[in-house]
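# Here is a sequence together with a model predicted from it:
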Amino acid sequence: MNDMDYLFKPIVLITGFGPYINHPVNASWEAVKIMNKEEIEKKHKVELVQIEMPVTYENVDEFVPALWETHEPKLVIHVGVSSIAKDVTLEKQAHKKGYQKLDYFDKCPANHTCSADGAIRIHSKLDVEKICNDFNNNDPPEGTKAITSLDAGRYLCEYIYYTSLSFDNTRTLFVHVPDLKIYSSEQTARALERILDLCLEQVKLLDQRLEKEADIDENDL
């Protein structure tokens, strides 16, 4: 592979959150940072970008749109810790309003509303139920299980999810992970790698369908 090939590899973005009051060591970033970058890149012919996000609304507003515009990612997975999660929890949707919890800087977004443009609620168009079922029924990483959820918590986790869904809901997922007392970082990292595989399978099918539709449109001209 030459240097030019490397430059044009599709980007897969995965983010975890940094520390905040109840989680001075955040299980989401602890797992994201030890995901097997080399193996994922080789397997899927992508470049994996792992990013630690500060727990502030302003940082999401500033960085997430820039990440989409700069990288035009093939897939975005945001990861956050949940103090009530007992399993890996795949979130199906995010809301625009209702962000009343203070962030790391003791701030809320204006009018408790996400600044990204979009409907009152946006669903991921990834088949989250299928990802969950495939995860659980095909040799899940030891000691892990996936469930789905419709309530991402109206905090930074849901806020970042809504922001990315507003850019492209066909290739965005949010995953809540249990804290370190329930799953080790290694368990969570292996689970996230499996979820990434399953997401990319769906994205690949979507891209093939879009290419086919583009070819049909071209032939109609």
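Received the coordinates, thanks.

# Low-confidence regions, this structure specifically.
Confidence mapping of the chain against pLDDT under 70 gives the ranges 1-7, 217-221.

# Show me the residue at the heart of it, geometrically.
Taking Cα atoms, centre = their mean as the criterion, residue 77 is the residue nearest the geometric centre of the chain, at 1.7 Å.

# Helix, strand or coil: sort out that residue for me.
strand (DSSP: H, G, I helix; E, B strand; the rest coil).

# Repeat that for residue 15.
strand.

# With residue 195 instead?
Residue 195 is classified as helix under three-state DSSP.

# quick one on the thing from earlier: ok, what's across the strand from the residue nearest to the centre of the chain?
With DSSP bridges as the criterion, residue 77 is bridged to residue 14, residue 173.

# What about residue 142, how many residues nearby?
Look at residue 142: counted by other Cβ atoms under 10 Å, it has 9 neighbours. Bear in mind the C-beta positions are built from the backbone N, C-alpha and C, glycine included.

# Would you enumerate the residues in contact with it?
Neighbour list for residue 142: 187, 190 [criterion: Cβ atoms under 8 Å, 6 or more residues apart in numbering].

# residue ranges for the strands of this structure, please.
11-17, 47-53, 75-81, 88-91, 93-95, 121-123, 146-149, 172-177 (DSSP state E).

# Can you tell me the strand partners of the fourth one and which way each runs?
What it means is strand 88-91. strand 146-149 (parallel), strand 172-177 (antiparallel).

# Looking at these, which is nearest to residue 109?
Across these, residue 109 has its closest neighbour in strand 172-177 (17.4 Å, Cβ to Cβ).

# just the CA coordinates of the closest one, formatted as PDB?
The C-alpha trace of strand 172-177 is given here as PDB (Å, rounded to 0.1, in the frame of the first residue of the first chain):
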ATOM      1  CA  THR A 172     -24.000   7.100  14.000                       C
ATOM      2  CA  LEU A 173     -24.400   5.200  17.200                       C
ATOM      3  CA  PHE A 174     -24.200   5.900  21.000                       C
ATOM      4  CA  VAL A 175     -23.100   3.200  23.400                       C
ATOM      5  CA  HIS A 176     -23.500   3.500  27.200                       C
ATOM      6  CA  VAL A 177     -21.100   1.300  29.100                       C
END
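
# can you redo the strands paired with strand 88-91 as CSV with mean neighbour count and distance to residue 93?
CSV is the format used below for the strands paired with strand 88-91 (neighbours: other Cβ atoms under 10 Å; distance: least, Cβ to Cβ, whole Å):
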stretch, mean neighbour count, distance to residue 93
strand 146-149, 16, 9
strand 172-177, 28, 9
